[in-house]
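Participant: With the input below, show me the fold.
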Amino acid sequence: LIEALRSARPGQPDLELVHRLDRDTSGCLLVAKRRAALRDLHRQLREGQTEKHYLALVCGKWNLGTKRIELALDTEQNPGLVLGAANGKKSVSTFKPVQFFGNLATLMEVEIDTGKTHQIRVHAAYAGHPVAGDDKYGNRTFNEIFKDYGLKRMFLHAAKLVFEHPIS
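Facilitator: Numbers count the residues shown, from 1 in each chain. Below you'll find the predicted structure:
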């Protein structure tokens, strides 16, 4: 993506992605046009001065209400797979139901305090409600149902980024 943007805007050689999304996650990305803005945005991300909100469709009826999940994640034990582990990196997600689809699925708003690899996907599966279309941590039977309805990828969307301080 960043290479395509640089090609489309040759007069702006300093374009850089401020953050990343997992491969199958859709949604908003922030691009900095200047190094100073990139550094400032990275600092805000590091210091927890941002809000990151996602929408996710999860398997089953979520009966946990608004739920904060703190589960340390480890990417070292099994390459390509993120696992909950006591010696992993701290990760925090807050899940809030938005809409129920009977007992089949729930649309959730998820706010993440940290931004670890596969964080929402692992936390949702840990809570017993994996993300629709997630081939790695998901529910195969549930995913097949949604493929019949035309779901072609994981149902996880970066919906909103909020920064506390204006960029100079």
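Participant: Adjacent strands (with direction) for the strand or helix carrying Leu107?
Facilitator: Secondary structure assignment for Leu107, by DSSP states H and E: strand 105-112. Sheet pairing for strand 105-112, assigned by DSSP bridges, gives strand 50-59 (antiparallel), strand 92-101 (antiparallel).
Participant: Quick one: list the elements packing against the helix or strand following that strand.
Facilitator: Remark: after strand 105-112, the chain's next helix or strand is helix 119-126, criterion DSSP H and E. If you count contacts as 3 or more C-beta pairs under 8 Å, 6 or more residues apart in numbering; DSSP states H and E, helix 119-126 packs onto strand 50-59, strand 83-84, strand 92-101, strand 105-112. Glycine gets a C-beta too; all of them are placed from N, C-alpha and C.
Participant: got the angle between the last one and helix 119-126?
Facilitator: Yep, that's strand 105-112 we're talking about. For strand 105-112 against helix 119-126, the angle by axes from the mean of the first three to the mean of the last three C-alpha atoms, to 10 degrees is 130 degrees.
Participant: Can you dump the C-alpha atoms of strand 105-112 in CSV for me?
Facilitator: The C-alpha trace of strand 105-112 is given here as CSV (Å, rounded to 0.1, in the frame of the first residue of the first chain):
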residue,chain,number,x,y,z
ALA,A,105,-23.6,-14.1,15.7
THR,A,106,-23.0,-10.8,17.5
LEU,A,107,-21.6,-7.6,16.0
MET,A,108,-19.1,-6.2,18.5
GLU,A,109,-17.3,-2.9,18.9
VAL,A,110,-13.8,-3.6,20.1
GLU,A,111,-11.4,-1.0,21.6
ILE,A,112,-7.8,-2.1,22.0
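Participant: now it: how far from the chain's centre is it?
Facilitator: How far strand 105-112 lies from its chain's middle: 10 Å, per C-alpha atoms, centre = their mean, to the nearest Å.
Participant: same check, this time on the second one
Facilitator: Between the centre of strand 83-84 and the centre of its host chain there is 16 Å, according to C-alpha atoms, centre = their mean.
Participant: circling back to that earlier point, want to throw the helices and strands packed on helix 119-126 into a markdown table with mean neighbour count, distance to Arg140 and mean pLDDT?
Facilitator: Listed next are the helices and strands packed on helix 119-126 as a markdown table, based on neighbours: other C-beta atoms under 10 Å; distance: least, C-beta to C-beta, whole Å; pLDDT from 0 to 100:
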| stretch | mean neighbour count | distance to Arg140 | mean pLDDT |
| --- | --- | --- | --- |
| strand 50-59 | 22 | 11 | 95 |
| strand 83-84 | 16 | 19 | 74 |
| strand 92-101 | 17 | 19 | 97 |
| strand 105-112 | 21 | 15 | 97 |
